[in-house]
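1. dropping a prediction and its sequence here:
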Amino acid sequence: MGADLIFYNIGQLVTSRELEKNSGSSMENIEILENGYVAVENGHILTFGTGKVPNNLVGLNTKLIDVEGKVLSPGLIDSHTHLVHGGSRENEFSMKISGVPYLEILKNGGGILSSVSATREATAEELLSKAKNTLAKMLSFGVTAVESKSGYGLDLENEIKQLEVNKTLNLIQPVHIISTFMGAHATPKEFKDSPERFLDSVINMLPIIKEKELAEFCDVFCEKNIFSIPESKELLSKAKELGFKIKIHADEIESLGGAELAGELGAVSADHIMAISEAGIQSLKENQVIGNLLPGTSFNLCKAYAPARKLIESGVEIALSTDYNPGSCPCENLQLIMQIAASQMKMTPKEVFKAVTINAAKSIGKEDTIGSIDVGKKADFVIFDAHNIDYILYHFGTSHTQSVYIGGSLVYKK
C-alpha cells in the first residue's frame, strides 16, 4: 500500500526524541538525524529514518515531498500565552519605557485591569476573530500548538466567555489549543477592598469550569501584592482535588517562593522564574517540574532574564514560550523568543529546540501525542528555510518557516 506522504532529503531531521542522559546537560540529549526521511499515514507518523527511503513505503498513491536538504522539526509549541483578550495597551508604552514599574501601573488601574475592561466589553465573536488572527501569525512562525489562558474576565461570565472561545478555536482553525483557567490573574476593581472575597469567588468557579470541561489546567499569578503563597496554595490545592493539572506564575518579579510551591504541589510547570531562589531551583529539579522561561517578557520590560544556564546545569528541564499578551509581551514570534534565548540566555541550539518541542509538550501534558517525531505521534512538522538549526538562531529577527503541516496536512506555506 505504501505511506500517504513521505518527506525525504531532509538535511537535518530534528526528531526531539530524548536520548540516554550522559555526563553533559540533559537539555542537549535530543536526536538530530542527517539526510532523513519521515513517512506519514492517516495523519500520524508511520516511520522515519536516514538515507534512502525504503521501497516498501512508496505506493502508487504516496505523495513525495523533497525537503531539499533543509531542516524539518516537530511543530513548535507555545506553552504559555494569554491568547484571548480584548483591546491592546500601547497607551502604557511610554510609561513603561520611562521606567514606571509594572506593579504601579497595575495599582493605578492599568496593566491587567485595563485588559479586563476591554475583554468584558468585547463580544465572544470579537474575541474569537482577534484570537484567530493571532493564531494565523503564530502558525506562520511554525507554531502548531498553543496553551491559552483565561484571566482577563475575572468573573464567571467572562472567564467562561474566554474559555469557550478557546473551545471554538479548536473547531475552526488548525492550531491545537490547550486551555488553562486563570481566574486568579489579578483582583478586579469590584473586589479592591475585599481581595479575600475575590479568591473565594475564583475557588467557587473551579467546579463550574470543570463540569463544563473548559480547561485542563489551573494557573495563578503568585506575586507580591497579587496572590500570596498561602492564597496560591489554597487555590491550586482545590484545583488539583477537582482534577485540574496545575501551573503557576512563579517568582517573576520577587523571590516569593513560587517555585518551591510548584514543587510541593506537583505542578506541571513553574513559569517566568526570573527571580527564582536556590531552594526553588532544587524544588523544580527534585519534583520534575518544567521551568517555563519567557525571555520576551524580560526583553520587553528591560528586566533580568531567568537564569537559564544555572537551571540547566542544576538539572531542571526547560521550556520556552512567548508569553503572548497585550501588556508585557505583545509578540507572537516564537522564533524570536528562541533567538533571544540563544543570544541572551546562552542556550545552545539543541537546548532551544528541545525547549520548544518535547519539553513544551511536557509542560502542557501532551508529550504522548506531539512534541517529537516518533512512531504514532501526530504528523505536526515545520520545514525551515535553513540547512541547520544553528542558522535559524544565528539569523535573528526574521521567520525561517517555509511550510507547516498539522496532522499531515499542509496548513501554511510561505
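-> Good, I have the coordinates.
2. so for the helix or strand hosting Asn9, mean pLDDT?
-> Element membership for Asn9, per DSSP states H and E: strand 5-18. Strand 5-18 carries an average pLDDT of 98.
3. tell me what it is packed against?
-> Helices and strands touching strand 5-18, by 3 or more C-beta pairs under 8 Å, 6 or more residues apart in numbering; DSSP states H and E, are strand 30-41, strand 44-50, strand 63-66, strand 71-74, helix 349-355, helix 358-363. C-beta coordinates here come from the backbone N, C-alpha and C atoms, glycine included.
4. excluding its backbone neighbours, what's nearest Ala304?
-> Nearest residue to Ala304, sequence neighbours excluded (C-beta to C-beta, 6 or more residues apart in numbering): Met274, at 5.8 Å.
5. part of a strand, is the one you found?
-> No: checked against DSSP: H, G, I helix; E, B strand; the rest coil, Met274 lies outside a strand; its state is coil.
6. hang on, it packs against Ser255?
-> No: contact criterion C-beta atoms under 8 Å: Met274 and Ser255 do not qualify, at 9.4 Å.
7. on that earlier part again, which one of the helices and strands packed on strand 5-18 lies nearest to Lys137?
-> Among the helices and strands packed on strand 5-18, the nearest to Lys137 by C-beta to C-beta is helix 358-363 (18.1 Å).
8. now do the next helix or strand after the closest one: everything it contacts.
-> Note on helix 358-363: by DSSP H and E, the next helix or strand toward the C-terminus is strand 381-384. With C-beta atoms under 8 Å, 6 or more residues apart in numbering as the test, strand 381-384 has contacts from 7, 38, 67, 70-76, 142, 144, 373, 392, 400-405.
9. list just the one of the helices and strands packed on strand 5-18 that sits closest to Leu242.
-> Closest to Leu242 of these is helix 358-363 (C-beta to C-beta; 20.5 Å).
10. who are the packing partners of the closest one?
-> Using 3+ C-beta pairs under 8 Å, 6+ apart, the elements in contact with helix 358-363 are strand 5-18, strand 76-81, strand 143-149, strand 290-293, strand 318-320.
11. next SSE downstream of the helix or strand of the chain with the lowest mean pLDDT?
-> Ranked by mean pLDDT, DSSP states H and E, the helix or strand of the chain with the weakest confidence is helix 102-107, at a mean of 72. Downstream of helix 102-107, the next assigned helix or strand under DSSP H and E is helix 112-121.
12. show me what that next one is packed against.
-> helix 156-172.
13. what sits up against the helix it packs on?
-> With C-beta under 8 Å, 6+ apart as the criterion, helix 156-172 contacts 83-85, 116, 119-120, 124, 127-128, 131-132, 135, 148, 150-153, 175-177, 179, 181, 183, 201, 205, 208-209, 212, 214-215.
14. just stretch 1-11 next, same as before
-> Stretch 1-11 is contacted from outside by 33-42, 46-47, 53, 56-72, 379, 381, 383, 387-388, 408, using C-beta under 8 Å, 6+ apart.
15. before we move on, what about stretch 89-100?
-> Here stretch 89-100 has contacts from Tyr102, Ile105, Gly110, Gly111, Ser114, Ser115, Leu301, Pro326, Gly327, Pro330, using C-beta under 8 Å, 6+ apart.
16. what about Val143, how many residues nearby?
-> 30 (other C-beta atoms under 10 Å).
17. in contact with it, which residues?
-> Gly75, Leu76, Ile77, Asp78, Val175, Leu334.
18. isn't the fifth one right up against Leu135?
-> Translated: Val175. Yes: when contacts are counted by C-beta under 8 Å, Val175 is listed as touching Leu135 (5.0 Å).
19. who touches both of these two?
-> Common contact partners of Val175 and Leu135 (C-beta under 8 Å, 6+ apart): Val146, Leu169.
20. show me where pLDDT drops low in the protein?
-> 21-25, 102, 106, 109 (pLDDT under 70).
21. how does it look with 80?
-> Scanning the chain with the threshold set as pLDDT under 80 gives 1, 20-25, 94-96, 101-110.
22. outline the domain layout of it.
-> Split into domains by automatic domain parsing, the chain comes to 5-74+372-413, 76-363.
23. end-to-end on the first one?
-> When you say that, I think you mean domain 5-74+372-413. 17 Å (C-alpha to C-alpha, to the nearest Å).
24. again with the longest one
-> Using C-alpha to C-alpha, one end of domain 76-363 lies 13 Å from the other.
25. use 204 as the first number from now on
-> Right, with 204 as the first residue, what we last looked at is domain 279-566.
26. buried among the contacts of stretch 204-214? Make that a ChimeraX selection.
-> To isolate the buried members of these in ChimeraX, using 16 or more other C-beta atoms under 10 Å:
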select :236,239,240,241,242,243,244,249,250,256,260,265,268,270,273,274,275,582,584,586,591,611
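27. enumerate every residue touching Leu514.
-> Ile476, Ile479, Ile484, Leu487, Gly494, Leu496, Ile521 are the contacts of Leu514 under C-beta under 8 Å, 6+ apart.
28. the last one and Lys581: what is the separation?
-> Note on Ile521: its distance to Lys581, by C-beta to C-beta, to the nearest Å, is 23 Å.
29. okay, those two: which has more neighbours?
-> More crowded of Ile521 and Lys581, by other C-beta under 10 Å: Ile521, with 28 against 22.
30. tell me the contacts of the more buried one?
-> Here Ile521 is in contact with 230, 493-496, 511, 514-515, 550, 554, 557-558, 562 (C-beta under 8 Å, 6+ apart).
31. try it again with 10 Å
-> With contact set as C-beta atoms under 10 Å, 6 or more residues apart in numbering, Ile521 has these partners: 228-230, 476, 487, 493-496, 509, 511, 514-515, 544, 548, 550, 554-555, 557-559, 562-563, 566.
32. alright, calling it a day.
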